[in-house]
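Colleague: What would the 3D arrangement of this be:
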Amino acid sequence: MKQSIITAFLGKTQDRFSEYQQPTNLEERLRMVQKIPGVTGVEVVYPYETGDPQETKALMDELGLSFAAINANIKKETQWVPGALSRPQAELRKGAVEVIKKAKDYAKVVGAPLVTCCPLSDGFDNLFQVDYPKAWRNMIESVAEAADYLPEIPLFIEYKINETRVNCHVDSCAKTIVLLKEVQNAATGVTIDFGHSLLAKENPAQVLGLCAESGIDFYLHTNDNDWNFDWDLVGGSRNFLHTVEFLFYAKEYEYDKYFTADASPRIFDMVGFFTQHAEMNQAIWNLVEKLDRSKYRRLMAEEKYIDLMQLVKDEIYRL
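Modeller: You can find the predicted model right below:
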């Protein structure tokens with residue numbers, strides 16, 4: 001199990017009410033990652049954290065860390081706060097696509113395997129606010145152009161049901177798959193964020209299987225929440241059995257990319273928080289490894305529900 005951290009969470013963050021932690025630079029964040037047992041990778045936000053690619057690559061090599069992904073941020077700048085890839089204005093869409101292309105350039109230089117992008121600002125707050133068919137077509141064309149560029153660095157799209165818009169255009173795994181089917185580029189995939197899946201009232205393990213059976217690649221973010229807000233808590237701290245099932249299917253499909261913590265320490269000690277997250281994930285991964293997965297799959301095929309409940313009680317909850 002390879003674990004990584006989105007480094008933006010190892011510094012100052014804020015919500016509508018408060019600011020949390022102290023500002024840090026990328027080197028300080030990477031040195032913190034080095035202190036967290038079991039974590040060997042990072043997902044770095046482009047263009048706000050990345051800096052000079054050669055210097056960053058040299059620092060990563062010195063610290064013995066690897067890139068899990070480069071995260072292309074197209075929602076922060078003022079012109080893209082109301083939306084980026086779906087907007088009617090071609091110049092706004094082009095600018096956002098350029099950010100993704102430059103993130104791919106950066107990924108290639110530093111040796112990152114993929115770029116992930118979460119188009120959170122693309123959506124709507126009011127009814128009769130956007131032309132849905134045109135916005136959807138703009139999303140397809142924008143993602144297609146970004147995916148066509150530098151195809152050796154695949155582009156993964158992360159969905160979320162809401163925030164920063166009341167409704168995001170790409171709000172579920174199924175809709176993301178439809179988008180990528182329209183894009184028709186094999187160098188694309190879905191970033192499945194465990195917490196975003198819960199917010200969309202999905203089953204994270206089921207959507208992982210949906211991607212795999214639809215021939216869509218996937219990259220996984222780990223965290224947890226209460227199904228009502230994207231709290232980005234320590235993995236497995238609220239939804240233990242869902243996390244077990246998520247990792248069960250990751251193992252079934254021989255997932256070999258990084259499991260990246262998209263989690264926010266807020267009031268907690270940052271190194272301690274991510275240490276607990278990594279240890280929890282690894283412990284659940286080890287638990288899954290001991291399960292006879294073929295037995296579970298056989299009992300599912302035979303529809304022996306009570307036997308499966310007994311197995312879950314005995315082997316997973318250990319009651």
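
Colleague: what ranges do the helices span in the stretch 201-319 of the chain?
Modeller: Secondary structure of the stretch 201-319 of the chain (DSSP state H, counting those that start in this stretch): helices located at 204-213, 240-252, 270-290, 293-301, 305-311.

Colleague: Those helices: which one's closest to residue 7?
Modeller: helix 270-290 (10.5 Å; C-beta to C-beta). C-betas here are computed from N, CA, C, even on glycine.

Colleague: Not counting its own residues, what contacts the closest one?
Modeller: 1, 3, 5, 9-10, 21, 32-33, 35-39, 222-223, 234-237, 240, 243-244, 247-248, 251, 259, 261, 263, 265, 315-316 (C-beta atoms under 8 Å, 6 or more residues apart in numbering).

Colleague: mind checking how far that helix is from the chain centre?
Modeller: A distance of 17 Å separates the centroid of the chain from that of helix 270-290, by C-alpha atoms, centre = their mean, to the nearest Å.

Colleague: so residue 42 bridges to which residues?
Modeller: On the basis of DSSP bridges, residue 42 is bridged to residue 5, residue 67.

Colleague: Count the residues that sit near it.
Modeller: Residues contacting residue 42 under the criterion other C-beta atoms under 10 Å number 29.

Colleague: Same check on residue 244?
Modeller: As a burial measure, residue 244 scores 20 neighbours (other C-beta under 10 Å).

Colleague: Pull up the gap between it and residue 293, please.
Modeller: Distance of residue 244 to residue 293, given as C-beta to C-beta, to the nearest Å: 12 Å.

Colleague: returning to what we had before: which one of the helices of the stretch 201-319 of the chain lies closest to residue 53?
Modeller: Relative to residue 53, the nearest member of the helices of the stretch 201-319 of the chain by C-beta to C-beta is helix 270-290, separated by 24.8 Å.

Colleague: Strands of the stretch 51-200 of the chain, residue ranges please.
Modeller: 66-72, 115-117, 123-124, 155-158, 167-168, 188-193 (DSSP state E, counting those that start in this stretch).

Colleague: Is it possible to get a markdown table of those strands that adds mean neighbour count, mean pLDDT and distance to residue 58?
Modeller: Listed next are those as a markdown table, based on neighbours: other C-beta atoms under 10 Å; pLDDT from 0 to 100; distance: least, C-beta to C-beta, whole Å:
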| stretch | mean neighbour count | mean pLDDT | distance to residue 58 |
| --- | --- | --- | --- |
| strand 66-72 | 26 | 98 | 13 |
| strand 115-117 | 27 | 98 | 21 |
| strand 123-124 | 21 | 98 | 39 |
| strand 155-158 | 25 | 98 | 26 |
| strand 167-168 | 20 | 98 | 37 |
| strand 188-193 | 25 | 98 | 28 |
